[in-house]
Structure formats: structure tokens, C-alpha cells
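>>> sequence-free structure coming up:
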């Protein structure tokens, strides 16, 4: 087993990996950028080294600096977390060249799965179903012919694309030529490359993914599915395991297919095979494979009892998987809400600021993965996701009720977060019934419209006025400031409140 | 199901029960004494009412006041938690008389199990094994004859006793008469009653208990055992489930016996049957039955997946158990440390004070049950237990490693706690090997003797000096106070630290 | 002392006299206690228990209770009289500066000076951290002045335009 | 400025000059940062990372790191010189008042004036919240004065006896 591991990441995932190392008795090394000097991952690690200024390009993405720290601190292995260098084949290769184990797949597997069309071709050979579509590099007339074969609605996608740019949904054959022209122009403008390809558009699709684990001895198993259809602008917001639309037989089948996809690239490590799921037809199509730990791995951990990060470390150290497929028996229901520093009342505007107060939920069935602390400064340099709230329940209903309870308990002062948004989702009948798809969020009304009870308005008015009253008094008698700590309005109504009803 | 439940308790257990109610959609009512006005259970509840001053006798033990609040707030049911009125038959009867459901067993069951000798007699009729011993009320000569029959070592116990008073261990027949006289005098002095009885003394005994659930439709099941041998002065400190000394067959047998004990008093509710376990002989003896929720219930919840508090509520509402015995399949290993406001470096002296900083551990496999918050004032009026830290692991080894990790993360500023004590236990080979018994703690060296690494001493010296240096400067330049927030020593050695190793 | 608290379009008249609180003339039993952290309060109102988080956002208070966030503008009698002398309630009339909530690049200015805008209408598109963010109008009004143009980099809190 | 930091029977001479820290004459790379809460610090010492909790317990600092609690007495050069002029190192000599850590009932006083006591020897048994607590000697010494008797109720911090 490794003696010392460097975690090439920040935030909640760095802390998550450090914890796994500590629980395995492995020494740890953190790296940090300027604003992260007192970040939890720095305080949590056994050693910590500065690698540059705030922008990721100059710190967390600097392969040379990270390898340099790894060499000097004499680590055996590097865990990349997710994001940053986690799916960077060059980084995996640099680790290999430096004689340091990369806790992840081979550079070759990363590369093959990183290129979407190569990935499609590779898994298709193993019988993994793909969304009907074309290869890249076809001419306009070839595309037109292919379009008629695929059928409508379909999507035109830029080969070099990403983030929805150069993407067009076409509903009728008549629209096709005009849309193709527009997509090519947009792609050229955005990426300097007008190559496009076609894909069948599946309305009301769900996003279902299969977690797999593969060791270096040729054993690959799956840990069941996760449902990640609650997305906003292609960003997952809420994930759960299992999914309401996957039964025992389908799980077994999709699991087998996911294993085949992983084996197609001789995959070793934890990985995720993402599928588009057409719930009308009960059909699934390969989307892509993520060759790394996922943000939402905790929901799978909770229902299966498998610690995926520890298993990654074990696999990288050359150990055999501790599980056979038949050992994996999911129990209950797990759900995750991603808490972001975004203002749901203001179009999810990312916001910065200092966390003035923090009280995380706890109690039965609640897990928090977070990098927050009182005094934490939310930086716009990094991803706005600041914490994950995960719950487990015996049933989906209990998980939802518990998530509501936990969201109600969560107190983050000083910054705006997505918590109110999650509360609204947990209250929505569409979510509770499980009849949603990836278009769920975009179809919803603004959170702004949320109904506030008149009684709560009255109470808020009274409390705000009492606070204003006290602030006014403090502004005048500045000398009293020290003494007013916690019994500001001890007298006000106190005798009445006590005498009143009991 | 109930619409509104009153929780007649305080601290972490009140919060635990309130959470269960919230997750079942039940409105909640809290009661509080003077110092508990801003306690978490008050802030957590839907309604909260004052019931008296700090001493429990004048607040949390006042049956009349609590019933009064329950009536005025129009609750359907009362949950007593543990401690206070949880095993008070009079309170259970008062609830019944007021037409309010008591979430617990009948007053008759509480009474029968409350009197130790009645309890022994009642369960013995069902074939539950007892520690060999005598009835109460025997004369000196009868006791002497019985002593020879029971064999040595044996214990003389005061009928009215408790807390170790009037208790004597006798190792040889020759010592018996003198010890009997001493025990009678001590019992008379302490309780005004010199009645005693005898019990066989079992050296190196372990404390093993079985959790049971019984509904009002005649179904009783058990949820396996808990090992609670880590005790100090008869107070449990660390509990786990399962126990290293209980195998499948023994679990099944002890479970059956515990169910028989519960059925002997027509028990309805969650309950715990405690056994003394002689690991040399592999024999177990009935100790007593606790007719309430236990402090350590979370370890059973985690390995079985059953929410015991929700099940209590369900049972009290007349519902059938949702489980058959065969549904209960424990998975993994759970462990609990009771965090108390006691100074382990100073003979476990209870201490009061204000919590100035709080950061609870979280992450995979960690659950905290706590009533703490920043600003919490530890009151000497109540039990020094302020929080419980519970972990789960796939194996006992993983649970211990995770507990170490979680204890390391726990930050409670401003008061002294038992955390360092728990850290020491988690490091002890005897605990790790599982070869302990209830005498484990009393045989151990003082925590004081703990070895501190010379390197850590040096670092502590440097840091304390830098803090003193800064405090001295602040005393002089008082005007700078506002600005010195978090970058006190930014310059000191900063350039070097960065340039040094990476 | 008498105060006027405004929530949306509801107004409450709240009087605090010694240890009594009157809301629109009616006495309310309220026991408000700070709970160990700045801005965190426990309120018992006729037996109902609330934990509230109160943040002074300059002029208005953001009050969070039971998962709801409620904005309350509080004015005392004296300043009410002063502002009434000028032009009625202070909020939401008058000039409203629209500022950049985050530093970023102005992608597009969607309105011009003199335009009438509706509440919630997008005014400026600001790119920050690779995401496009719409800056919308907090209330209806007329665009008095536009301070930025497309392609400009702005700091946090930079003035984008003024609504009147 | 020069300081003397004492941990148990070890003494460190620590000099702070501008941005340099010397421990017993050797320079140490230390980057100490407050971490969002009073008393909570992050220290990087030659690359090793520590989170420390530092509490000023009047005269000495209780430093908690990696599960260990270490007591450090810090004296600066000037006060060291002053106390040396009197009677050698200030601690642990001199009179030591023994106080009640909790309010309670004195059950038994185990020593009398003039008794010589060893470190850790029980001095007084105090009952608080139904538990008997032994108050022990922090160090060896002679009992100079006994201030309480069995049966007496004492407040928190009440003087029980004086060791010399």
C-alpha cells in the first residue's frame, strides 16, 4: 500500500480524498493556490505546499508544479479528485514518467474515452447501444441523406463543440438545410471549425449512469445506477440512487453493458458510464464515459456500502477488488443536493463573500461533504459548488423527507446559496412522483414566485423591526455594545410569553 | 398517525426525536427550563414552552407542568426520550389519564421492569437465565447458607441501592460475615434500609444488550446486540454493534431470550434487554430491561437500517411493525463515542463554560447527535453528555479507523471534553483486539501519562510564543485591533515557506 | 417608538414601548433572543418557535425562517415623515443604481437610455467565470443612464446603469 | 524580541525578529494564519501542516494539535529578568491556590495544614451533581492553609486551600 499520497485538487473533493487516506493510514500532501492558504484541505493534510496564484491555469492545472511538489515530498501516488487534471491524459502520463502512481486509469484509456467519437466507435464494437447518429466529416448532402434515415427530431452538433454552442434541434425535414447552415456558421465562429455531426434527439430523456470499478487483474464490477436528470444548463443539481425507472432486470442489463464499455478500453479504476434513457421506449443509449471519480459518488457509496475512494486507492496499489458482483446488494435510497454559491432568486448568479456563520445538518441518515468553514471566502475563481448534502432513507419517500429536514437545518450565513432552490424541488410533486426528465428545471417557474405565508411575513416584519430598533440604540449608546450579546430583548414580551400559555 | 407530539426532554435526544417527527410530517412541541431558552431543541421545535427553573426537579421532572403544556398545545402524544421521565410509570399513567398517548410501554410494564427483583422473577418464569442469587428480605444466617450455595466470588447488594453504594464483592467465605455487616451499615446510612441480597460475581464480564421492538399487535422482534463494556463508574462511554464475542447462533439465541423477557410483561415499544456476558464460559445472564430508548440506539440503527425512533412513534400510533425478524440483516460495524463535558486529564471533572467554537466531523460513515452550538453554555445542572459521535464501517477495523479520523476532526473550543480520552481508547491494543471487559477503564493508566512527541512540543512552543507576541503587540497598539483578523503573521517566514520546498 | 415595516406590498405599523410590541395596534407576545452567532435569533411568538437568520443588507433586512427568505424594509416614524416630505415612501422609488454583482466582461447591453423597462427585464449580459449572467431590473422604470458598453471589463459593484 | 517557552521540563528560547523566527538559535520556517475562528490557527512548518487550537488560560497557553493537548508557559525576556531577580523561574514555585473547579459540597478534606503532599495526591473530595470528585495537587508542596471544612458548600472558583 502507498505510504504517502498527494491530492491534486481543492475544495470538498480534496477533503474527501484526504479523509480516505487518513482512514487507511496513508500520509497526505495538499497543494494550494494563494486564496486557499487556510482552506480545509490545507489544514487537513499532513503537508501542504503552495503552487501559485488564484487562477487554476497558474496553480491547480500546472502539471509541472504539481509533479515537482510530488517529487520533493516523496509521494508514491497522486489522486486527482474530479475536475482540474482528473481527465488529463498528459497529467497521467507525467505521473507515470515521474515514477508516481496516478490514482486513475491509464493515459490511453483517458484519451480514448476523452474523444467522444472515438469513444462511440470503441464501445459500439462491444455492442453498447448508441444514440443513432453520424460520423464526423460528412458533407452537407451526406448529412441530409443521413438525417432522413435517423428521423426527426434530431440534433446537429459541432464536432469541436461544448456548452451547447453550435447545437441545433431540428423538428421537421424542411428545417434541416437552414439549421445546418446556421449550425456550421455558429461552430465556425465559436471554434474556428465548422465540422458537425447528427444525433437523434430524444425528447423527455433521463440521464442515468452506471458506476463501475475495475481492478488491474481483469475484474470489473458495477455498483448500480445513479439518476442525474435534475440539471440546469447541463449541470447536475440533484442525484439519486437507485433510479425510479430502473428495475432489477434493467439494472443487470445496463450494468453488463457498462462493464463491456469499460473493458473496451481495458479500463482500470472507478469510472462512470453515462446513458441517455428514453423512458417512453424504455431504451438506453451510451453518452460518454467519465474516467474518474464523480461528484455524485456518495449516493452509490451509501446504498452499496462501498467506499469508492478507498477502492480507487486499493486498485491503484495493485490490489484485487474486494467484491464480486454478487456482493453488491443495494439497500435503501440515497440522494444528493449540490449546494452552490449561487443566488436562486436572481437567475443563479454566482456570488462571492465570506461565510459568517455555518451550521451543517447532521443526525440520522445525513452526510455532508463540504469545504466550508466559518470565515471561508467564496472565490469566483473556482467552481461555485461549495458543499454536497447527501441523505439516505429506507425508501425514496423517506430520503426526500429527510432531505427536506436536512435542508431546513442548513445554516450558511453571509453568502447566498442554492438551498432555497433545493427546498422547492423537494416540495414539487413532479420530483416527488419521479416523473421528471432532464428538461425539468428549464420548464419550471422562477423560484421568485414562491408563496410566502402571511404569518411568516408578519413575524419577519416584527423581528426585523426589533433588530433595527436595537441597532438604532446601539448606534447611539456605542459604549453598551459589549454587553448586549445574547439577551437583547429578554424583557420584551418575555413575561407574557411565559405566563401566556403555560 | 399523530398530528402533534411533545418531546419531554432536552439536549441531543430531544433534537433526535424532533428530527424524527419532522421527517414524519408531525408538528412538534418542546419544553424548556430557564437556561435552555436558546437550546437547539427549542429552536428546532414548532412550538416551545417554558416549564421552570434550571433544576430538573422543578422543570423536566415536573409531570404536572408537562401535562399542562401538552393539553394547552393540544398534542396527541408525548415522547419522553431517555432519562428524566422516560421510565416513570406515574408519568406514563398521567399521560393515559390525560388522553395523550405515551410513546413508550404501559405503566404496568415500566413498573414490573423497574423493580429489579420483580423483573428477575418475571423473566425467570420465561426461562431467561439469571445471575445466580437470592431473593431480598433474608436473614443473616439464611444469606450465609445461600452464599455457600452460590459460591465465591459473590456480590452483596443493597435492595434499595444504586450507584455502587452498599455494594461489596466477597472473594472468600471467611470474609462474608464482616462484609455483610459493613454492607448493611452502609445501606442503612445511604438509604435508611439495610435490606441486602446476594448475586454471583462474574469476573471479566462484558455488557451485552439486545435491542427489541414490540408492536401492539403481539409482534416482537430483536435488532441484534450492542456491546457496551467500555464503562467508567458504571457509565457507558463507547458502544458498538455487533459485538466481537457474539456469533450468528448466539445472536439468534440471545435475541430469542430477549423477546421472551419482553413478552413476559406484554411489552410494547422499543426496549433493551441487558445481559452480563461471561466470555470465559460463553454464558449470559439477564441484568435488567430498559423500558425506553437507549442513548446508544444509533449504532443499531446504522447496522440494521431501522430508524428506531420512527418505529417507536409508529408503534405508539397503533401501527404494525414494518419488519419481520428475517428482514433484519445487520451490515457492517457501527460504533459510538459519548462526548462529555468532563476533563479526562483531571479525573473526569465535569466542567462548565461556553462553547466558543464548534466544528463537528462529517464525511462518509459519520453521524453526530448533538445539542451543541457556538455559544452553548454547558450547565452543571444536567448530564455532562453533550454529544454522541457515531461511525459506520464495513468492518470493525474500518469503524475504529474512521472513529479516529472523526475524533481528530472534532473541534470544540472553550470547554474541556472527553475527546482526548476516546482518542486514547481507539489507539489501545486491548480495545482494537476486542479483548476488553467492563473493568477495562478502571485498570488503565491515567490519560495524563500520554506520550507527546518532542516535535509537537516544539511546534506548540513556537505557536504559543507567536500568539503571545501578537497579544503583546495588540495590548500596546489597541487601535490596530480591527485589522489583524486572519493574516497576523503573513510575513513571518511566509516567503521562506513558499520558496523552501517547492 | 413607532416603525413601518414593509414586506412586498404589505406594510406593518410596529410600535415598541418598553417591554411591549404592538403590531398594527395589537399586542404580540414575542421573545427574541440572539442565539450564539451574529444574525441568528430564536423567536417565540405566542408559543410558536422560530429560528431566524437576519442580515442587514443596507436599508432592508433579509430574514430567513423555515426555508423562506423575506425582505423587510424598516423605517422609523421620523425618517418616514422626512421622506414623505420629499416624495412619498423611500423605496422602491427614486434612482436605482444597477451594479455588477460579480466582476466580469460585459457581453451585451440590452437597453438604451430612455427605454422603459419592466420588472425582471434583462438589462445587461455579463460573462463571469465562463458563464453568461443576465442582470435584470429589480423593478419597472426608465433607463436614465448607461455606464458601460459591450466588451468592457467591470469590477464587482461597478455601476452598470441607472434606472429612474 | 526574545521569549522563553516552557513545555513540561523543556524550555525553548524563541526569538522573533521582523519576519524571522529563531528557535534555540535555529531559523524555523513557520507560516501561521488565523483560520476563521478565534483561537484556531493553521501553521505550515517546513511544509508540515497543522491545525492548532490555542487557548490563553491565563499565564499558560493550552495548544491542541493532532489530538494532543500541550501546555506552554511563555515569558518574555524582560519579565524573565524581573522574576529571576526575585526567586528564580516563576513557575512552578511560589504559593499555589487550589480552587473549586465546580460548585459543590465539600465531603472530606484529606490533608491538614503543614502536610507535605506529592504531585497528584488527592486533597479534597467535592460532591457536585451527585458525583464525588477528587481535587488533586497539581504539584508537590506543603499545605500552607486550609480554607474549607467538610459539609461546607462552595461556589465555583472558591479557594479550598493553599499549597506552598
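Ah, there it is. Predicted model, so just to flag it, every value in this text is computed and none were measured.

>>> What sits closest to the residue of the stretch 101-250 of chain A found nearest chain B if chain neighbours are left out?
Chain B sits closest to residue A:223 of the stretch 101-250 of chain A, with a gap of 13.8 Å, by C-beta to the nearest C-beta. In short, each C-beta sits where N, CA and C put it, glycine included. For residue A:223, ignoring the flanking residues on the chain, the nearest one in space by C-beta to C-beta, 6 or more residues apart in numbering or on different chains is residue A:211 at 4.2 Å.

>>> hang on, the earlier thing: give me the number of residues near the residue of the stretch 101-250 of chain A closest to chain B?
A count of neighbours around residue A:223, defined by other C-beta atoms under 10 Å in any protein chain shown, yields 27.

>>> Kindly provide the distance from it to residue B:339.
Here the criterion is C-beta to C-beta, to the nearest Å. By it, residue A:223 lies 34 Å from residue B:339.

>>> just residue A:380 next, same as before
For residue A:380, the distance to residue B:339 - C-beta to C-beta - is 38 Å.

>>> and the two? which has more neighbours close in?
For residue A:380 versus residue B:339, the count of surrounding residues by other C-beta under 10 Å is larger for residue B:339: 27 against 16.

>>> Pretty sure residue A:407 sits against residue A:422.
Yes. The pair residue A:407 and residue A:422 passes the contact test of C-beta atoms under 8 Å, sitting 5.6 Å apart.

>>> Can you work out which residues contact both of the two?
Taking C-beta atoms under 8 Å, 6 or more residues apart in numbering or on different chains as the contact rule, residue A:407 and residue A:422 both touch A:337, A:389.

>>> neighbour count winner among those two?
For the pair residue A:407 and residue A:422, the greater number of neighbours falls to residue A:422 (25 against 22), based on other C-beta under 10 Å.

>>> Which residues are in contact with the more buried one?
Here residue A:422 is in contact with A:237, A:238, A:337, A:339, A:389, A:403, A:407 (C-beta under 8 Å, 6+ apart).

>>> Please identify the buried residues of the helix or strand harbouring it?
Counting by DSSP states H and E, the element that carries residue A:422 is helix A:419-427. Using 16 or more other C-beta atoms under 10 Å in any protein chain shown as the test for burial, helix A:419-427 gives A:419, A:420, A:421, A:422, A:423, A:424, A:425, A:426.

>>> Can you tell me, leaving aside adjacent residues, what's nearest to the most centrally placed residue in chain C?
Within chain C, one residue has its C-alpha closest to the average C-alpha position: by C-alpha atoms, centre = their mean, that is residue C:60, at 4.9 Å. In space, and not counting its chain neighbours, residue C:60 is closest to residue C:73: 4.6 Å by C-beta to C-beta, 6+ apart.

>>> neighbours around that neighbour, how many?
Neighbourhood size, residue C:73 [other C-beta under 10 Å]: 20.

>>> With residue A:129 instead?
Other residues near residue A:129 number 14, with proximity taken as other C-beta under 10 Å.

>>> Please name the bridge partners of the closest residue to it other than its chain neighbours.
Beyond its immediate neighbours in the sequence, the residue positioned closest to residue A:129 (C-beta to C-beta, 6+ apart) is residue A:285, lying 5.4 Å away. Under the criterion DSSP bridges, residue A:285 forms beta bridges with residue A:276.

>>> How about the contacts made by residue A:285?
Contacts for residue A:285 were tallied using C-beta under 8 Å, 6+ apart; they are A:129, A:130, A:131, A:202, A:275, A:276, A:277, A:278.

>>> could I get the residues you listed as CSV with pLDDT and distance to residue B:396?
Shown next, in CSV, are the contacts of residue A:285 (pLDDT from 0 to 100; distance: C-beta to C-beta, whole Å):
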residue, pLDDT, distance to residue B:396
A:129, 95, 44
A:130, 93, 46
A:131, 89, 47
A:202, 89, 48
A:275, 96, 38
A:276, 95, 43
A:277, 96, 40
A:278, 93, 46
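
>>> for the buried residues of helix A:419-427, which one is nearest chain B?
Minimum separation from chain B among the buried residues of helix A:419-427 (C-beta to the nearest C-beta) is found for residue A:426, which lies at 12.1 Å.

>>> Mind picking out the helix or strand in chain C with the poorest mean pLDDT?
Averaged element by element with mean pLDDT, DSSP states H and E, chain C has its least confident helix or strand at helix C:77-87 (a mean of 67).

>>> what about the residue of chain C found nearest chain D, which SS state?
For chain C, the residue closest to chain D is residue C:37, as judged by C-beta to the nearest C-beta, at 11.4 Å. Reduced to three states with DSSP: H, G, I helix; E, B strand; the rest coil, the structure at residue C:37 is coil.

>>> Apart from its chain neighbours, what residue comes closest to it?
Nearest residue to residue C:37 in three dimensions, chain neighbours excluded: residue A:357, at 4.6 Å (C-beta to C-beta, 6+ apart).

>>> quick one: the one you found and residue A:376 touch, right?
No. With contact defined as C-beta under 8 Å, residue A:357 does not count as touching residue A:376 (10.8 Å).

>>> Tell me which of those two has more neighbours.
residue A:376 (24 against 17).

>>> Can you tell me how far the closest residue to that one other than its chain neighbours is from chain C?
Spatially, and ignoring its direct neighbours in sequence, residue A:376 is nearest to residue A:355 (4.3 Å; C-beta to C-beta, 6+ apart). Using C-beta to the nearest C-beta, to the nearest Å, one gets 11 Å for the distance from residue A:355 to chain C.

>>> where does residue A:355 land on pLDDT?
Listed pLDDT for residue A:355 reads 92.
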